[in-house]
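Enquirer: here's my sequence, what's the structure:
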Amino acid sequence: MHDKFILLTGCSGGGKSTLLSVLAERGFATVSEPGRRIVADELAGDGKALPWVDMKAFALRAIEVAKSDLEAAQHLDGPVFFDRGLIDAAVALEQSGGQTTRETLGKNLPYAKRVFMVPPWQELFVGDADRRHDFDAAVQEHHNIVRTLDNLGYIRNMLPKISVNERADIVLRDCGAL
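Expert: This next block holds a predicted model:
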């Protein structure tokens, strides 16, 4: 476990990427969501690993990207904030019929014990060309992540439905970066 690697996770469309942007603006190291990067690559390429085409292929690719992100972040100083990451990808793989999250992660948990989550927030949720699932699917995904984090022994810090700057203040205070 790396205490400096802080995971932001939870419901799709709950404000994680916006929160990550604010943290970056405040000078902290950040890592963008693997899934969005993969979708962009796949839309520009053959599209075989798009989540709405082949979820298992997408999840396997997300695991590779998340592992690469973790390796690349090793040299960064101070806290590093991840928008989604290896746990989210492992949950997606398990939900698509692949190996279990525990099998994917092995014995080493990749992030700090405290994980920050955004709740389902319908008013923020917007489908787009890269996010083709509906709000109900996003809520189910959220529940799967919650269950997995609990099973892995992470401490979940559910962020309230407040402004992004207030959320950033909570995250920074609670992880000791303020």
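
Enquirer: got a list of what residue 65 touches?
Expert: By CB atoms under 8 Å, 6 or more residues apart in numbering, residue 65 lies in contact with 34, 37-38, 89. C-beta here means a position set from N, CA and C on the backbone, and glycine is covered the same way.

Enquirer: can you check residue 152 too?
Expert: Applying CB under 8 Å, 6+ apart to residue 152 gives the contacts 87, 101-102, 105, 109.

Enquirer: and if we set it to 10 Å?
Expert: 87, 90, 101-102, 105, 109, 111, 113, 115 (CB atoms under 10 Å, 6 or more residues apart in numbering).

Enquirer: pick the one among the residues you listed closest to residue 75.
Expert: residue 111 (17.0 Å; CB to CB).

Enquirer: neighbours of the closest one, how many?
Expert: A count of nearby residues for residue 111, using other CB atoms under 10 Å, gives 24.

Enquirer: now do the contacts for it.
Expert: Contacts of residue 111 (CB under 10 Å, 6+ apart): 1-9, 70, 80, 82, 85-87, 149, 152, 154.

Enquirer: let's see it at 6 Å
Expert: 5, 7 (CB atoms under 6 Å, 6 or more residues apart in numbering).
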